[in-house]
Structures are given as C-alpha cells and as structure tokens.
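A.B. asks: Whatever this is, show me its structure:
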Amino acid sequence: MKAGLTIGELARMLQLNSKTIRYYEEVGLLPAPRRSESGYRLYSSYEVERLRLVRRARLLGLSLAEVKEIVGYAIDGRCGEMEERLLWLVEAKLGEVDQRIDDLVSFRDSLRQYHRELSSRVKAKAPGEQVSAASASCQCIGGEVDGLR
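C.D. replies: From the prediction side, this is the model:
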C-alpha cells in the first residue's frame with residue numbers, strides 16, 4: 001500500500017460511506033488517522049484491518065458498543081476472549097432474530113385472519129351499498145384489529 005489511503009479510497013475499498021468512517025472515528029471505533037500536508041486523512045493497513053473487523057461485526061448485527069468491545073479484544077491480542085464473547089453475542093442475536101420471526105409469523109397470521117373477515121364483509125354487501133350517514137362512525141376497521149400486534 002502507498003503512504004496511506006484517503007478516506008474516499010478507503011470507503012471504496014471497504015464499501016463504506018466516508019461519513020460512516022468519520023463517525024467511527026468520532027465514537028472511538030477507529031483512531032484519528034494521520035494527515036497529509038494538505039490535511040487529508042491518510043489511513044494505513046492497520047486502520048484498513050480494523051475497519052474490516054468493525055464492518056464484519058456490524059454485519060452480524062452487533063451494536064456499536066458491542067463492536068467497540070470486540071475491537072478492544074482484537075487490539076489487545078486477546079483473540080480467545082474475543083471469540084468467546086463473540087460466540088455469546090451471536091447466540092444472543094440468534095435468540096433476538098428467532099423472537100422477531102415468531103412475532104412476525106404471529107402478526108402475519110392475525111393479518112390473514114383479518115383479511116378473510118374483511119373480505120367476507122365486503123363480498124356480503126350488495127353492489128354500491130353505502131354505510132348510513134346517520135351512523136356515529138364507520139365500523140370498517142372493527143375491533144378485531146385491536147388484536148393485531
């Protein structure tokens with residue numbers, strides 16, 4: 001690698017946004033890089049590898065705090081501890097994903113049931129039939145929607 005990569009080059013290399021890289025510097029995931037005489041940020045292979053680790057950890061769904069912890073282990077050379085912590089974090093993420101999937105499946109089932117009920121009501125009406133203007137409110141969205149969550 002040459003004397004250093006600019007932020008644009010680094011962003012293209014790692015498929016990140018330049019703003020993201022600057023944000024990672026701001027929150028301490030990446031140290032402030034050295035600067036060229038003209039003030040451009042210059043990144044070394046060390047920062048490239050560190051950002052690769054950050055990017056991979058983010059792809060696993062880890063929060064910035066969790067990523068910072070993992071990066072800390074890597075910087076200190078405590079790979080065994082990093083792997084143990086990463087295993088625990090990935091297991092927790094799997095549990096969260098499973099719960100979200102269960103919630104979405106339940107919501108989908110409720111939505112399908114509501115669709116069947118609404119479809120039946122619509123089909124049961126005579127063509128062009130309107131709700132009386134004298135009624136207090138439209139009951140198109142009935143109480144069964146309360147169960148959707």
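
A.B. asks: which ones are touching the residue nearest the centre of the chain?
C.D. replies: With distances taken as C-alpha atoms, centre = their mean, Gly61 lies nearest the centre of the chain, 6.3 Å away. Contact analysis of Gly61 by C-beta atoms under 8 Å, 6 or more residues apart in numbering lists Lys93, Glu96, Val97. For glycine as for every other residue, the C-beta is placed from the backbone atoms N, C-alpha and C.

A.B. asks: quick one: the second one and Leu5, what's the gap?
C.D. replies: When distances are taken as C-beta to C-beta, to the nearest Å, Glu96 and Leu5 turn out to be 35 Å apart.

A.B. asks: Same drill for these two, tell me which one is more crowded.
C.D. replies: Leu5 (22 against 11; other C-beta atoms under 10 Å).

A.B. asks: and the more buried one, bridged to which residues?
C.D. replies: Tyr43 (DSSP bridges).

A.B. asks: My guess is it contacts Leu42. True?
C.D. replies: Yes: using C-beta atoms under 8 Å, Leu5 is in contact with Leu42, at 6.9 Å.
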